[in-house]
Structures are given as C-alpha cells and as structure tokens.
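Undergrad: Mind folding the following:
(chains A and B)
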Amino acid sequence: MNNASGERRGALPSGVSHFRELGVRLRENDYLADEGLSTAIFLSLKLGRPLFLEGEAGVGKTEVAKVLSRILETPLIRLQCYEGIDVYQAVYEWDYARQLLHIRAAEAFGGEDRERVERDLYDREFLVSRPLLQALEHRGPMPPVLLIDEVDRSDDEFEAFLLEILSDFAVTIPELGTIMAERPPVAILTSNRTREVHDALKRRCLYHYIEHPSFEREVEIVRLRVPDAEERLARQVAAATEKMRTMDLYKPPGVAETLDWTEALVALGARELDEQLVEATLGSVLKYREDQQRAANAGLAALVSGVGGAGRDA
Amino acid sequence: MPEGGIQAPPMLDAAVAFGRVLRGAGLRVGTDRIVEFARAIEEMDPARRDDVYWSGRITLTSRPEDIEVYDRAFELFWETGGGAKPKPRPKIRLSVPQPDRSVMPPKKTVEKNESGEEAVRLRYSPVEVLRRKDFALYSPEEFAELQRLLADLRLSGALRRSRRLEPAPRGRNDPRRTLRSAMRTGGEAVRHRFRKAKVQPRRVVLLCDVSGSMAPYSRALLRFLHASVVAGGRLEAFSIGTRLTRITRELTTRDPDRALRQTAGAVRDISGGTRLGDAIKEFVVRWGQRGMARGAVVVIFSDGWDRGDVSVLAEQMQRLSRLAYRIVWVNPLKATPGYKPLAAGMAAALPHVDVFLSGHNFESLEELARAVAAATERER
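TA: Residues are numbered from 1 along each chain as shown, chains lettered A, B, ... in the order given. This next block holds a predicted model:
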C-alpha cells in the first residue's frame, strides 16, 4: 500500500504547491483550465486519487491527461475502452505463438523435463503487457499518467475489475504472482456518459464535470492553440460556435471543433468570418448532415452577425 | 471572493455536518467521501469560499445532476452563518421522508379518484381477477397484492450479440485455451478450442409519463418500474412530465415504499402537465444519442396528451426510432372500448412505434414483458 510520506508528497510537479501554480503550468503547456478544473487536478495529484472527468465530447477531457504527462515529464499510458474489453486486452496476455514455438523447440532438442518446460513457458518474457500492466510496472522518478479513456464504453465486468486495480494499484497474474506499482500512477478516467458508471468506481475517484468554456475563455483557448488566428477571427469563431451550441444539434461543437474550424479558416487565409466562409468550412465544425442542415435553415448569416463584442462592421 | 465568508468550526465536524445535509438532499455521500473532503480542504484554503466550494464539489459529487443540489446545499450550509453576502437565496427544497401518499398524485385528486375505495375494508381478491383488473380501480390492499405479482415479472431486453467472447464448440480460434490444452498433450495442439460472441440482453429504457392525466396509472406503473429495476439487468428509468428526470438510481432501493418516496422526492413535476415532445427530446439529446438508446428497447408509458408542440414530438420520435432497436408505447387508454389514438401527441408518435400496448392491468404488463424480450421480425 502507499506509504504515508509518498502520499503526502503526492505527484505534484516540482515547484507547485498551490492550485493556481498548477493552473499557470497548464497554461504554459497550452491548456487553459478554469478554477474548478485546476483544483480538481491539483487535489488529484496531491491526494493521489484518480480523477474522473465527465463532460460533453470535445471539452478537453482527454487533453488533461496529455498535458499532465508533459508537465510531469512522464509517459502517458492510454487505455481506450470499448465494449467487450477484457483483462487480456487491458492488462496482459500470454504470447501463445511464442509459447507454442517454445514447446516445440524444447521437444525438438529433447532432454528437458516437462515441468521445466512448463515453468519456462510462463516466464515474464512470454507475457505481453497491455496498458494497465505497463502503468503498474513503470519505474522512474515520477509515476506515469494513466489515461483510461471513455470508461462508459466498457461493461460492468470490466468496471469491477478496474475498481480493483484503482484501489490496490496491483494485479495478480496466476502464473507469475502479484505485480504492484511502486507509486500509484496518475490516473485520469473520462466518460461521455453514454451510461452511468458504477458508483463504487466513482467513489474511488475525485470527480469533475467539465462544461463548455465561457466565451472569453474559448477565445483565449483559440488564441493559445491557433496562434495564427487573428483576435477578430477568434472572437467570431467562438461566438458562432457558442450560438451553435444553443441550436439543439445532434452533436453541438466542443472546443475541439472550435479549434478544427479555426484551423480550417486560417488555412484558407481567412482573417474575418463571413457567410461564404462559414458555408465552405461548415463541415469542420458540424459533422452531421442534419446539423449542417439545421444551421443552414437557421441562416448562416446569423452565425456571423452581432458577434460577441467584436461587431461585424467593416 | 471575500475572505471570512465562512465561519470555520473544526473542519472535520463541519465536513461531517455538511455531508449530512447533502445526504438529506439526496446525494450519495459516504463517510469515505467526507473524509476525503476534509483532507482536500486541508490542502486548500479553508477560509476562502471558492476553495471550500471546489474541494467539496470535487470530492462529494459524482454526476452532473448532483451539482445543482450541491450548489443549493452549499449556499444554505456555508453562506448563511457567515453573513458575508446577504444575497437572496432561492427557496431550497431538501427532501425528507414523506408518507407513501407522495408517490400518488396530490391528495385532492386521490380522494376524488378513490374516495369509494378508501372506505373499503380488506377483501378477498383472487389473483386471476386481479390480473385483469384495471389499475385505476385498485384498492390499497390490491396494490399490496400487486407488489407480490410484480416480484415474479422480469423485464429483460431482446438478446443481442455482445463484443465479449466466450468459449464455444465452434467459432473463432481461441489460442489461450488451445495452448492450455496443448500443454496436456505435450505441446501438440491436438484439439483446437474456439470461442464466439456472447449473447446478452439489450438495454431496456423505460420512460414513464407522470403527468396529471396519467395519475390513475402512475402509481401502479411506478411500482412496475421499481420491480423491474430491482430485478436487475440493463435497465434505465426516467419520468416524464414537464421535464425529464432520471429515476433509475432512486428506484434501486429494494423496499418499494422507500424507493417510491425517493422517486417522488426526485421528480418535481408529478401530476403536472406534460410536454411530451420536449421531454423525449431531452432524453434523446442528453442520454439517447450518446448511447443509452442505441440498440435498446425503449418503452414509453403515456396517454399521449402533449401540451407542447406536437411537431416536436413527431420529430423526436423519429430520431428515437433511428437509435432504438424497438419502441414500445404503453397507453392505458387503449384498453377503453372503442379507443382511437385521437390525442394529437399519440397520433404523431404512433408511426414511429413498433408495438402499441395498453398496460392498464397486470396481464398487459406481462404482454409488455414479452414484447420487450422478443426479437424483431427480421431477426427471427
């Protein structure tokens, strides 16, 4: 189990002892977190607890893990969940082909006794480690960042197993014994809420729900991530996506879409948004045909008019 | 934020007391979370309002629906004593245990509907009669009997193929088990092992209209929902009225009376009007299209009276039918002799409904269970 001193120290990057300092670090690494999110990440690192992030698609949940691995200068180990994922895809799998070859070889050269062959067969060298085992086996000055992405896509059985791993940070392989993490990895779990993840799993974690950013923050994010975009364009794009979010779409654009869109516009050399440009680039922000239709029906001109503070005057 | 906005009693005591308030308001806050909250606060600044707010929110909530409740409780608990900012507080409603009556429509209608029944003393009702009896005519004793009947009724979705594999006599190669058995034959894979996709029941989503016009039936139907949720399986329940409320969690409590009380506490629009289209839209947008309705059997319990715009309902039903495996509509009025789906909402929804049932008595709930479990025509 975690020893007390390790836990106290947490996994905070050096020089960070307050959530605001962490916020600054995140920003230096191109991630803008509001107070709630900075606090959540800070506490998760400090208390050594997994962080469970929920929110609409594209609000930057996965990005949190990526930026943390940059700040902590530690590898990012990612486990993408999907329906039917099981221990063999998440933790470890024996390399059957090589094991079979090993048996054949032992036979061919003869002499070796059966028990010995069998013992060798379940040697570490025949074990393929999958993300969770990799995270537990990691050795280094900092624990790795373990991203368990879209937990809601896995099923109950896998969730129960995950709960076990996140409680003990250890896994038992019958043929090999128990493998325990030196220090608990920095675990980030994300969910899009396609279903409710079990309470027990959430109870192991700190929880934060990420909202769409405010207008000003989104402008800031665009400016930070797409430095080539001019202020005026950034404001117009942020205002237009904000409007789209109220349009009752199948898939309202997230920050990720705002950034895609801005990049597309910048690539076209746009310095200011107009109706023609919106029409030409709509596919990079609205990815369902029905949504594009709806936006078109509402009038694309409306998306560029009366833009948040920036105005549309020439 | 102003400093000193928060009076600081010993932190752990305060954390425990706050935890109790949240629990009273319906959040699932265990002792472990409260300890976590106290630890978190230690790492932050307990004198700063926002630090306390975020520490609490991060450690004590676990889903977006919790946040609204948390916010109100936070304000009530931490910001009344301090007096730092006397801003007007919205009325807070913390649910406290209420008598069972609360799951029924407000008292007036109850007494109107069942005034005759109230006086009736315990009387013998043979199960067969009860099975066919209209829920609206049930006496309190018969509801107790219904509870026993419901315990045997299982709602389980039609089967679908899962992505998970299981051992099978033939199918795809299973190297893991093949190797294991090869060990027994000196490394020669004499017998190949196979696996194939497991079959599992589809998710069932229940949307129950709790508006005034459904009041004679909602009591029995909510009990049915409860029995189904408690029986386990992949099941989700929502109430619909003027808004959509997810009630799966409230219904998981085993004791039916307690579960229904909790549900009544969570659903704020019982016996109000219906905005069927808006509620279904909310379901589709917030839950359905993200995955809950995909490939699921969706059951809607409603008489189809919609006070909202019927074109919204038609559009949302179409969206829903594209996501769901099957839509079953249960309308107690259908049992009325000569019933025609004249309610505008019902007429708009029907083209997108696969199975249309009455659900007015126990027998038709059994029929519902069969409809939910059945595969569609093309799969048979």
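Undergrad: OK, now which residue of the stretch 251-380 of chain B is nearest to chain A?
TA: Nearest residue of the stretch 251-380 of chain B to chain A (Cβ to the nearest Cβ) works out as B:G291 at 2.7 Å. Quick note: C-beta positions are derived from backbone N, CA and C, even for glycine.
Undergrad: Show the backbone phi and psi for the residue lying closest to that residue once chain neighbours are set aside.
TA: Ranked by Cβ to Cβ, 6 or more residues apart in numbering or on different chains and with sequence neighbours excluded, the top spatial neighbour of B:G291 is A:T194, at 2.7 Å. Recorded main-chain torsions at A:T194 are phi -70, psi -20, according to degrees, to the nearest 10.
Undergrad: if we can go back for a sec, contacting residues around the residue of the stretch 251-380 of chain B closest to chain A?
TA: Under the criterion of Cβ atoms under 8 Å, 6 or more residues apart in numbering or on different chains, the contact partners of B:G291 comprise A:152-153, A:192, A:194-195.
Undergrad: again, but for A:A40
TA: For A:A40, the set of contacting residues under the criterion of Cβ under 8 Å, 6+ apart consists of A:51, A:53, A:206-208, B:54, B:58.
Undergrad: quick one: which two of those residues are the most distant?
TA: Comparing all pairs in the contacts of A:A40 by Cβ to Cβ, the longest separation belongs to A:L53 and B:W54, at 14.3 Å.
Undergrad: Using the three-state scheme, assign A:Y209.
TA: Classification of A:Y209 into helix, strand or coil gives strand, according to DSSP: H, G, I helix; E, B strand; the rest coil.
Undergrad: for A:L79, same thing?
TA: Under the three-state scheme (three-state DSSP), the conformation of A:L79 reads as strand.
Undergrad: so it sits right up against A:P131, yeah?
TA: Yes. A:L79 is in contact with A:P131 according to Cβ atoms under 8 Å; the separation is 4.0 Å.
Undergrad: what sits in contact with each of the two?
TA: Contact criterion Cβ under 8 Å, 6+ apart; residues shared by A:L79 and A:P131: A:90, A:146.
Undergrad: which of the two has more neighbours?
TA: A:L79 (23 against 18; other Cβ atoms under 10 Å in any protein chain shown).
Undergrad: Okay, that one and A:S129: tell me how far apart.
TA: To A:S129, A:L79 is 12 Å away according to Cβ to Cβ, to the nearest Å.
Undergrad: swap in B:A324?
TA: To A:S129, B:A324 is 40 Å away according to Cβ to Cβ.
Undergrad: quick one, which of those two is more surrounded?
TA: B:A324 (25 against 15).
Undergrad: what kind of secondary structure is the residue nearest to the more buried one when sequence neighbours are not counted in?
TA: Distances taken as Cβ to Cβ, 6+ apart put B:V298 closest to B:A324, at 4.5 Å, once the chain neighbours are dropped. Applying three-state DSSP to B:V298 yields a three-state assignment of strand.
Undergrad: Go ahead and confirm A:V171 touches A:I179.
TA: Yes. With contact defined as Cβ under 8 Å, A:V171 and A:I179 form a contacting pair (5.6 Å).
Undergrad: check contacts around the residue in the stretch 201-314 of chain A positioned nearest to chain B.
TA: Of the residues in the stretch 201-314 of chain A, the one nearest chain B is A:K202, at a distance of 4.2 Å by Cβ to the nearest Cβ. Contact analysis of A:K202 by Cβ under 8 Å, 6+ apart lists A:52, B:62-63.
Undergrad: Distance of the residue nearest to B:A324 relative to B:M317?
TA: Using Cβ to Cβ, one gets 10 Å for the distance from B:V298 to B:M317.
Undergrad: Check A:A302 too.
TA: With distances taken as Cβ to Cβ, A:A302 is found 28 Å from B:M317.
Undergrad: Of those two, which one has the most company?
TA: Looking at A:A302 and B:M317 with other Cβ under 10 Å, you find the greater number of neighbours at B:M317, namely 27 against 13.
Undergrad: Would you mind listing what in the stretch 151-300 of chain A touches chain B?
TA: Proximity of the stretch 151-300 of chain A to chain B is confined to A:152-153, A:155, A:157, A:192-196, A:199, A:202-203, A:206-209, A:248, A:250 under the rule Cβ under 8 Å from any Cβ of the partner chain.
Undergrad: are any of those residues buried, and which?
TA: A:152-153, A:155, A:192-196, A:202-203, A:206-209 (16 or more other Cβ atoms under 10 Å in any protein chain shown).
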